[in-house]
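heads up, no residue letters with this:
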């Protein structure tokens, strides 16, 4: 009996700790958004974050999309050949990339690169008391450090998703005409015929949500990192894990909202 009670108590403590953590993250997100409409605005920090998050993430997102599109074409062709349905390759590649794989893989790659970078940078600033120095200089750390990064990621990741969609479809196109003997004009015609505007728009909306999550997790864990190198390391790891899990969870919710009918 005592063993069962101890087990239930441990589960209860874990559940309460998880709920408390979710509450702290929600309050942190609300505080970040509230600073959006209140001056001052730090344009240089925003521009720097936009370049770091958007432009410098383009190579890894582009390569991921390229190889994903090629692999997807091969897999769909192999599966479709069992039912004499090889002609669905262009449409499935395009829809799969724009609706799901483009936003999710792009978000995960940005999370691996950006969430860790933000958490390490802000965590190091906390360890070296630079955040305390900002407060001493009457500069709000949330407005100076968090808001520009969250806003930049929310705007940049949808653009990365859009570019990744194009590159991924091109990857499937190259594999289809180079390895699977598709006609180039027919492949592009089928792609454009079956792809709808909402497929692309829904993926970019997902990208905006994922960008917000990635930057928010990086800033949150950076701001709450422990002291010393170990604390910064733990914050970096936690930021990437939390961002990745939240991306996958929010992807399901958004898919349910957009395509449940």
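Done, it's in. Just so we're clear, the structure is a prediction, and the values are computed from it rather than from any experiment. Residues are numbered from 1 along each chain as shown.

counting by contacts, list what the helix or strand residue 109 falls within packs against.
Assigned by DSSP states H and E, residue 109 belongs to helix 102-110. Judged by 3 or more C-beta pairs under 8 Å, 6 or more residues apart in numbering; DSSP states H and E, helix 102-110 is in contact with helix 58-80, helix 147-179, helix 197-223, helix 228-259. C-betas here are computed from N, CA, C, even on glycine.

next SSE after the second one?
Okay, so that is helix 147-179. By DSSP H and E, the next helix or strand past helix 147-179 is helix 184-194.

flag every buried residue along that following helix.
Using 16 or more other C-beta atoms under 10 Å as the test for burial, helix 184-194 gives 187-188, 190-191.

next one: stretch 156-167
Under the neighbour-count criterion of 16+ other C-beta under 10 Å, stretch 156-167 has 156-167 buried.

what sits against the nearest residue to residue 72 once chain neighbours are set aside?
In space, and not counting its chain neighbours, residue 72 is closest to residue 93: 5.2 Å by C-beta to C-beta, 6 or more residues apart in numbering. By C-beta atoms under 8 Å, 6 or more residues apart in numbering, residue 93 lies in contact with 69, 72-73, 76, 168-169, 172, 191.

repeat for residue 35
Under the criterion of C-beta under 8 Å, 6+ apart, the neighbours of residue 35 are 140, 142-143, 146-147.

show the buried residues in those.
Those of the contacts of residue 35 that meet the buried threshold are 140, 142-143, 146-147, by 16+ other C-beta under 10 Å.

and the residue nearest the centre of the protein?
Note on the chain: the residue nearest the mean C-alpha position is residue 107, at 2.5 Å, using C-alpha atoms, centre = their mean.

rewinding a little: point me to the helix or strand that includes the residue nearest to residue 72.
Using DSSP H and E, residue 93 sits in helix 89-96.

tilt between that helix and helix 197-223?
In terms of direction (axes from the mean of the first three to the mean of the last three C-alpha atoms, to 10 degrees), helix 89-96 departs from helix 197-223 by 40 degrees.
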